[in-house]
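1. no sequence on hand, only this structure:
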């Protein structure tokens, strides 16, 4: 038996979202090396800024600038960073409560090694050289040289009951950790009316894994490399599936009989693509259609070109347009597209039960 095929598969796209006026203000501040929180109804300062009060659910709009130094509340060491993480070497994911804030911010701490990390450690933001208005404008946090740990932080949970953060007497207008080393900013309202909120945030997302084809799929793919379209027939219901599935989904029995199909078929349903998107290789408008090959009982998705998009219709007879043989591989991309064959349309009754 031939070995099953496998190949690396990469899925990636840029996730783009509108952060809204509150998070947009927070992101705009980061671009200017400023960290902005928002004050809730109970006096607590939330960093990152939140849009609605956690207590009353009311919208929040009292912005407060906090310091870029803070205290590690808890942490977890990452000895071997993954692709896309903030640092290429070992670091700690840590909850850092910034001076003047009452909630903690999740970010990376570049301590050098796990034995140098500790709860209560004083840290300072390391700003990125190029800032665009996003959380990565803070490259990471660095330990404050010779900075004493915050008292009580090493063993006690985060104090969320007292507005103003650790060391605050509870006055909502007083900065948290006001006397802590490295704190240069008080948690007080500031006129940021000229600070234009970031309108869009873009986050690249990538997934890398290896896909292994089943033995039946592997025979189908090797057939494509020879210019053949191979399906399999169910011994019970006699339906022909392409690509083959190995077992009939209706009867649950193996589909072992191999069937070679022609490269002609019928358009059952279709969609005219009018909207451009990232990675698109054809200029809209064009047609993506389900093509039912002659002799098959299940349609597959492919392109229909060779005519105006508005001329494509259900029942249209089409034929595969293969790429030059030198470009063939174990992929359905060997068929560049389907084009009208010029034959009369198939009657609706002949493919209605395949829709």
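-> Received, thanks. Note that the structure is predicted; figures quoted are calculated from it, not measured. Numbers count the residues shown, from 1 in each chain.

2. count the residues that sit near residue 336.
-> 15 (other CB atoms under 10 Å). In this view, the C-beta of every residue, glycine as well, is placed from N, C-alpha and C.

3. give me the contacts around the helix or strand where it lies.
-> Using DSSP states H and E, residue 336 falls within strand 335-340. Contact with strand 335-340 is made by 263, 265, 267, 289, 291, 302-307, 311, 316-323, as judged by CB atoms under 8 Å, 6 or more residues apart in numbering.

4. rerun at 10 Å
-> 224, 227, 229, 263-265, 267, 282, 286-287, 289, 291, 293, 302-307, 311-313, 316-324, 327-328 (CB atoms under 10 Å, 6 or more residues apart in numbering).

5. of these, buried ones?
-> 224, 229, 263-265, 267, 286-287, 289, 291, 293, 302-306, 312, 316-320, 328 (16 or more other CB atoms under 10 Å).

6. which of the residues in stretch 340-355 are buried?
-> For stretch 340-355, by 16+ other CB under 10 Å, it's 340, 346, 351.

7. report how far apart the opening and closing residues of it are.
-> In stretch 340-355, first residue to last residue: 20 Å (CA to CA, to the nearest Å).

8. distance from the chain centre to it, please.
-> Mean-position distance between stretch 340-355 and its chain equals 39 Å (CA atoms, centre = their mean, to the nearest Å).

9. what's the average pLDDT for that stretch?
-> The average pLDDT for stretch 340-355 rounds to 95.

10. out of the contacts of strand 335-340, which are inside strands?
-> 229, 264-265, 267, 286-287, 289, 291, 293, 302-304, 317-322 (DSSP state E).

11. so where do the helices sit in this structure?
-> Taking DSSP state H, the helices of the chain run over residues 20-31, 215-225.

12. dump these into TSV; add distance to residue 64 as well.
-> Output for the helices of the chain, formatted as TSV (distance: least, CB to CB, whole Å):
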stretch	distance to residue 64
helix 20-31	11
helix 215-225	58
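
13. wait, which of these is closest to residue 14?
-> Residue 14 lies closest to helix 20-31 among the helices of the chain, at 16.3 Å (CB to CB).

14. tell me how far the residue nearest the centre of the chain lies from residue 137.
-> Against the mean C-alpha coordinate of the chain, by CA atoms, centre = their mean, the closest residue is residue 205 at 3.9 Å. To residue 137, residue 205 is 19 Å away according to CB to CB, to the nearest Å.

15. can you pull the contacts of residue 77?
-> Counting by CB under 10 Å, 6+ apart, residue 77 has contacts 90-94, 109, 111, 113-115, 117.

16. from those residues, which two are the most distant?
-> 93 and 115 (16.6 Å).

17. if I look at the closest residue to residue 204 other than its chain neighbours, how far off is residue 233?
-> Counting by CB to CB, 6 or more residues apart in numbering, residue 14 is the residue found nearest to residue 204 once chain neighbours are left out, at 5.3 Å. In this view, residue 14 and residue 233 are 43 Å apart by CB to CB.

18. could you do residue 300 as well?
-> 16 Å.

19. who has more neighbours out of these two?
-> residue 233 (19 against 15).

20. tell me what that one is bridged to.
-> Here residue 233 shows beta-bridge partners residue 240, residue 257, assigned using DSSP bridges.

21. wait, it sits on residue 239?
-> Yes. With contacts counted by CB atoms under 10 Å, residue 233 reaches residue 239, the gap being 7.1 Å.

22. please enumerate the shared neighbours of the two.
-> Common neighbours of residue 233 and residue 239 (CB under 10 Å, 6+ apart) are 248, 255, 297.

23. neighbours of the last one, how many?
-> Neighbouring residues of residue 297 were enumerated by other CB under 10 Å; the total is 18.

24. contacts only, for it.
-> 231, 233-234, 237-242, 250, 353-354.

25. closest to residue 272 out of those residues?
-> residue 354 (20.7 Å).

26. quick revisit: for residue 93 and residue 115, indicate the residue with more neighbours.
-> Shown here are residue 93 and residue 115; by other CB under 10 Å, residue 93 has more neighbours (15 against 8).

27. for the closest residue to that one other than its chain neighbours, list the residues it contacts.
-> Beyond its immediate neighbours in the sequence, the residue positioned closest to residue 93 (CB to CB, 6+ apart) is residue 76, lying 5.1 Å away. Counting by CB under 10 Å, 6+ apart, residue 76 makes contact with 92-95, 114, 117.

28. again, only using 8 Å
-> With CB under 8 Å, 6+ apart, residue 76 has these contacts: 92-94.

29. confidence-wise, which helix or strand of the protein is lowest on average?
-> Lowest on mean pLDDT, DSSP states H and E among the helices and strands of the chain sits strand 188-189, with a mean of 48.
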